[in-house]
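Peer 1: need a 3D model of the sequence below.
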Amino acid sequence: MKNREVIMKTEKISGLIAVYRKVKEGYIAYIEEIPGVNTQGENLEEAKENLKEALKLVLETNREMTNKELLGYEVLKESYP
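Peer 2: Just a heads-up that it's a prediction; the model follows:
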């Protein structure tokens, strides 16, 4: 069996950790702290762009779901550091 070199690169994004794992086809990318924010790209730049979009979509979807769940309740919302 050939030795496989595993390359992992991490980058901070707004306090979150983005992980880029090199694979034969390019890169797999995900945010450590948020399940469901994962993607891939043929190269690192594409993986980074795709990850930004995946994060945006997951956050938008979570906000929509939360807003539906909270209809009829008195709530306080504020930005979190």
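Peer 1: the longest strand anywhere in the chain: which residues count as buried?
Peer 2: Across the chain, the strand with the greatest residue count (assigned by DSSP state E) is strand 16-23. Applying a neighbour-count criterion of 16 or more other CB atoms under 10 Å, one finds 18-20 buried in strand 16-23. For the C-beta atoms, the positions are set from N, CA and C on the backbone; glycine is no exception.
Peer 1: how about residue 26, phi and psi?
Peer 2: Per-residue torsions, residue 26: phi 150, psi -120 (degrees, to the nearest 10).
Peer 1: residue 49 too?
Peer 2: phi -60, psi -40.
Peer 1: contacting residues around it?
Peer 2: residue 41 (CB atoms under 8 Å, 6 or more residues apart in numbering).
Peer 1: which residues in the protein form helices?
Peer 2: Taking DSSP state H as the criterion, the chain carries its helices at 44-69.
Peer 1: geometrically speaking, which residue is the centre of it?
Peer 2: Centroid-nearest residue in the chain, with CA atoms, centre = their mean: residue 37, separated by 3.3 Å.
Peer 1: touching, that one and residue 51? I think so.
Peer 2: Yes - counting by CB atoms under 8 Å, residue 51 is a contact partner of residue 37 at 7.2 Å.
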